[in-house]
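S.K.: sequence below, structure please.
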Amino acid sequence: MCNITFKKVFKSFSSKKRVLTLTNFIFFVNGITSILAGMSNNPDYSTAHKSETYAAGIALVKSGTVVGGCDAIEFTYTVTNESTLGEVLENVVVSDPIFGDLAGPDSGDDNNNTFLDPGETWIYVANHNITQTDINNGQVVGQANVNADVQGQPGVTVMDLSDDDSPLEDDTTIIDLSSCPNISVIKKGTALDGIEGNPGCNLILYNFTVNNEGGVPLENVVLDDPLLGGEVDGPFMGDDNDDGILDIDETWLYSGPYITTQTDKDNEQVVNQATVIANVQGDPGAVVSDLSDDDSPSEDDPTVIDLPSCQSNISVIKTGAALDGIEGNPGCNLILYNFAVNNEGDVPLENVVLDDPLLGGEVDGPFMGDDNDDGILDIDETWLYSGPYITTQADKDNQQVVNQATVSANVQGDPGAVVSDLSDDDSPFEDDPTVIDLPSCQISPTNLGMIKEGTLVDIDQDGCIDSILYTFTVTNTGSSDLEQITLEDDLFGGEIPGPVEGTDDGNDGMLSAGETWSYEALYGITQADIDQGSVINQATVNGLPVGQDVPVSDLSDDDSLEEDEPTRTPVPDDVCPNDPADMGMIKEAELVDIDQDGCIDSILYTFTVTNTGSSDLEQITLEDDLFGGEISGPVEGTDDGNDGILSSGETWTYQALYAITQADIDQGSVINQATVNGIPVGMNLPVFDLSDDDSLIEDEPTRTPVPDDACPDNPVDMGLIKEGTLTDIDQDGCIDSILYTFIVTNTGETDLGQIVLEDELFGGEIPGPVAGTDEGDDGILSVDETWTYQALYAITQADIDQGSVINQATVNGILAGLDLPVFDLSDDDSLEENGVTRTLVPDDACPDDGDGTPLFGIAIIKTGVGQDVDFDGCDDSIEYNFSVTNSGSTNLESIVLTDDMLGEEINGPLTSEATEDGILQPGEEWIYTATYNLTQEDISGIFVENQATVTANLINTDITIFDNSDNDSYLENEITSINVSSFCEFTGGGSGFEIFNGITPNGDGSNDFFRIQGIENYPDNNVKIFNRWGVLVYQTDSYGQGNNLFYGIPEGRATLQKEGKLPSGTYFYILTFTSEDNPGEESYSGYLYINRN
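M.R.: Residues are numbered from 1 along each chain as shown. Okay, the predicted model is just below:
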């Protein structure tokens, strides 16, 4: 069966469009249908079939009416079944390019059966919103089409193109819009003799013709031209009846001058368009507009005014040749560039500057071409410059150097006019870069090289060699950047930590082309090495090209990046195999049920780190990939003396809680290994160890079986996101700081406490959280709760040079009610990941206030000295002094000093002239004091170690900055440590209870507060102080506890929010003991004299 659809070809046979389906082939030639072979042999072909030829048909008439003034056109589509033998049509689709397929019909389907029955007429209606383009065109022209299937004849379709008034024709439908409101503007211009007498160069006179192109008067006509500064005055002609109404067919004329710019002259033309807009009279809200054309009311081409006589121009051609260079490698290390600068215009040029970033900026010269030596680049004059360039490794990797120079000059006699050109390699009319090939410098796109060197060392300084310090130098000798660098050495049991701090440029984990990283590892010589006479070994380095999965590796060599020979380190007979610097680590696992629901959900890992050598170690760091990096610790109480020194034979303990995942259950176990690093005290030699599951001298991974019925519900977890935002603190238009926001979320199912956020970028702990983010202000990070911290970082010049600040923070906590640690390393955008935060720093950032002083900063030093409070000849307390200074150039306010050991906030500062205004000004220093009474536990611990924190707001803002105290420097953040091994336990004032009745609060550290000796032993007390008129000026409970003291400032505890200070004079105090514990009397009273002179 062959189905053929005939369209217009049947019009000569019938007044309707027909569709014919035949069972063989039909050829239509000159309007005559010839039926060829096959019909007579087909028994199914009959006279009945023949009688149906051309029977089915359909017709479409499309008409339209403008409605709502000129808002819309209502189109009506009339569809009729033109079939002659009663064919029923189905699946009728009317389509118009204006609307697409039409919904409907709106009427005519009399029996509502969706079939177009014979003789039936369907009506469709659609509305088109008239556009400005329609109005500009003066009409809307279009044609629709209709398609339908013949019911009962599969594959047979009928169709028709619409006509405007007849079902027998196919003319397009045209809706006339000539009577709709419309407006046009034509803009023309002429370059005239200008303000400097240069014909056609400096002044253009523009003329505008505005015409009412529609059939309705227009009002509120506004002609706007940005080139002329906005609205153009006028019209100066054409408003015949002077009524401000642009009548039908009326034409208004406007005019305006334009003074050309140097840019216009450089471009040799001015290109622009104006806009006219008006309201339609009598139709509120109706607006017409037009974009100007240069010669036609029906087009919108810009107006172009040529300025051929204004050309002033300059050109530079840059060429270069690779020469035998400083290392004797032909065409590899040195390029000599030559520049030809020519005046291409009609005006002399002065102040010519040739700049090439590749050569460091401005190029000296010219060395030839300034014929009259007047510094003026005369018309058609050519100046010659030259400069050498030493190629870089990056150039060699790229096998070429691509660059462009720029030349600029002033136009003589035209102040402010500047011409410039970007260099081309061979033409004054083009701007192609100059490319110098370096074919002899080609290197492999992906390659690595490593040198391993061994140095004999005496770690314990006893005069006997005991170790070998290996230094590994890893270099990217290819042209592609590499990542995921790992260095492995069997001599050390596997992977070597690193690289050495400072050797990874940008600290980005990327070994860029030509970049070199250093690693170090300390090996303890054994008796077997002495017997062997040497240690012979080789390491391996691996990496991946960025964005690829094709590994690159290299075996170490002893002295060359290009070779792969093992490193042989001779060992003398008299070395000492006593392993002076060594450490071991055991990683053990315990399955735990954190949420006590009877289902194992976590693994508690315990890391035991032991100094197995004879030298003390410091700067201990424990890292485990299972936890995304460094493990916080050690566990409190395991660092003997809390001195940060892992002494010989000493053992530290770390703990970390791991939430079992479904992948772990599927795997059946968690297999992992940690790494511990340290250095011998006083030396910068690395010592490290890979963990073992049960031995300090082995390096096997820890395998923890996970039962099938474990619950991967992540009961204990937290996440940290660190985001950096560039800010301009002093609002001078220059970025100077990064505001970091830390988002800490409890992502587990158990509440967490003792939350501590630390960031090395800020020297340690970050105060917080931000007020209002700790729900209930209970210090508990509840399930799904989020806390926010903020810290402001001042950008440094090093950051600008680096191009970014890359950093990571750590948050620690414990399960509420338990002593199990939880921690997380920050990520830049995810609570589930642990990537560094990289904040780009623009080149034009401002690292200080202009004279080298940071824009903002605060610093604190905390020192302490022993005090004998009870005068028994043995120090029993520590008097702490805090010096707080404004280290920036911005005033600070709302200063708050806190010290957890001394009961949170410290009163103060000591009164001085500098503190009177409550503003800590740049360079100003405030002094605080507080006393700490020793316990036997302190004395047994030998050292009392602690750190204070000071916070402040930038003046008149809510932006907070802070600093953690140091023991002797404003630039560091080390804890203050006081040796109290020879001190005595504080037992109170004994028989020395005494009230002193005079204070001199002048900040000299002597008699600055109301002293009641021995009051510390009687915390249940109340002190009231009255002035001579009986007005209560001060009162407090628990006077003398910590720093709860009277400094001559009213209203209780002295803070910067308390204004004023009490004047010199006589006051009256009442001391009352609120319990039975007292020094002899229930209350004491007397006079107190304040002397401020």
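S.K.: and the most centrally placed residue in the chain, how far is that from residue 119?
M.R.: When C-alpha atoms, centre = their mean is applied to the chain, the residue found nearest the centroid is residue 839 (5.6 Å). Between residue 839 and residue 119 the computed distance is 78 Å (C-beta to C-beta, to the nearest Å). Placement of C-beta: from N, CA and C, glycine included.
S.K.: cool, and residue 546?
M.R.: For residue 546, the distance to residue 119 equals 75 Å [C-beta to C-beta].
S.K.: more neighbours, those two?
M.R.: Each of residue 546 and residue 119 had its neighbours counted (other C-beta atoms under 10 Å), and the higher figure belongs to residue 546 (13 against 10).
S.K.: what sits against residue 744?
M.R.: Each residue near residue 744 by C-beta atoms under 8 Å, 6 or more residues apart in numbering is listed here: 718, 719, 720, 755, 757, 769, 781, 786, 787, 788, 789, 811.
S.K.: at 10 Å instead, please
M.R.: 718-722, 752, 755, 757, 768-769, 773, 781, 785-789, 809, 811, 813, 824, 826, 831 (C-beta atoms under 10 Å, 6 or more residues apart in numbering).
S.K.: name the nearest residue to the residue nearest to the centre of the chain, sequence neighbours excluded.
M.R.: Spatial nearest neighbour of residue 839, excluding adjacent residues (C-beta to C-beta, 6 or more residues apart in numbering): residue 724 at 3.5 Å.
S.K.: try residue 545
M.R.: Using C-beta to C-beta, 6+ apart and skipping residues adjacent in sequence, the residue nearest residue 545 is residue 480, 4.6 Å away.
S.K.: Three-state assignment for the one you found, please.
M.R.: coil (DSSP: H, G, I helix; E, B strand; the rest coil).
S.K.: is it true that it touches residue 515?
M.R.: No. Taking contacts as C-beta atoms under 10 Å, residue 480 lies outside contact range of residue 515: 11.8 Å.
S.K.: next, count neighbours for residue 714.
M.R.: 16.
S.K.: and the next element down the chain from the helix or strand in which residue 865 is found?
M.R.: Residue 865 is part of strand 858-867 when elements are defined by DSSP states H and E. Next helix or strand after strand 858-867 toward the C-terminus (DSSP H and E): strand 877-886.
S.K.: and that next one, what's buried?
M.R.: Neighbour counts over strand 877-886 (16 or more other C-beta atoms under 10 Å) mark 877, 878, 879, 880, 882, 883, 884, 885, 886 as buried.
S.K.: for the residue lying closest to residue 145 once chain neighbours are set aside, what are phi and psi?
M.R.: The shortest distance from residue 145 to any non-neighbouring residue, by C-beta to C-beta, 6+ apart, is to residue 161 (5.2 Å). Main-chain dihedrals, residue 161, degrees, to the nearest 10: phi -90, psi 140.
S.K.: so residue 161 versus residue 144, what's the distance?
M.R.: In terms of C-beta to C-beta, residue 161 sits 8 Å off from residue 144.
S.K.: what is in contact with the two at once?
M.R.: By C-beta under 10 Å, 6+ apart, the residues touching both residue 161 and residue 144 are 60, 62, 172.
S.K.: wouldn't the last one be in contact with residue 163 here?
M.R.: Yes. Judged on C-beta under 10 Å, residue 172 makes contact with residue 163 at a distance of 8.5 Å.
S.K.: overlap in contacts, the two.
M.R.: Joint contacts of residue 172 and residue 163 (C-beta under 10 Å, 6+ apart) are 62, 143, 144.
S.K.: now do the contacts for the closest residue in space to residue 774 that isn't next to it in sequence.
M.R.: What sits nearest to residue 774 in space, not counting adjacent residues and going by C-beta to C-beta, 6+ apart, is residue 787, at 5.8 Å. Neighbour list for residue 787: 720, 742-746, 755, 757, 768-770, 773-775, 781, 811 [criterion: C-beta under 10 Å, 6+ apart].
S.K.: what pairs with the host helix or strand of residue 787, parallel or antiparallel?
M.R.: Assigned by DSSP H and E, residue 787 belongs to strand 786-794. Here strand 786-794 has these sheet partners by DSSP bridges: strand 737-746 (antiparallel).
S.K.: and the partner strand, how far out from the chain's middle?
M.R.: A distance of 13 Å separates the centroid of the chain from that of strand 737-746, by C-alpha atoms, centre = their mean, to the nearest Å.
S.K.: after that strand comes which helix or strand?
M.R.: strand 752-759.
S.K.: in that following strand, which residues are buried?
M.R.: 752, 755, 757, 758, 759.
S.K.: any idea how far residue 457 is from the residue lying closest to the third one once chain neighbours are set aside?
M.R.: When you say that, I think you mean residue 757. Among residues not flanking residue 757 along the chain, residue 766 sits closest, at 4.4 Å (C-beta to C-beta, 6+ apart). Residue 766 sits 39 Å away from residue 457, going by C-beta to C-beta.
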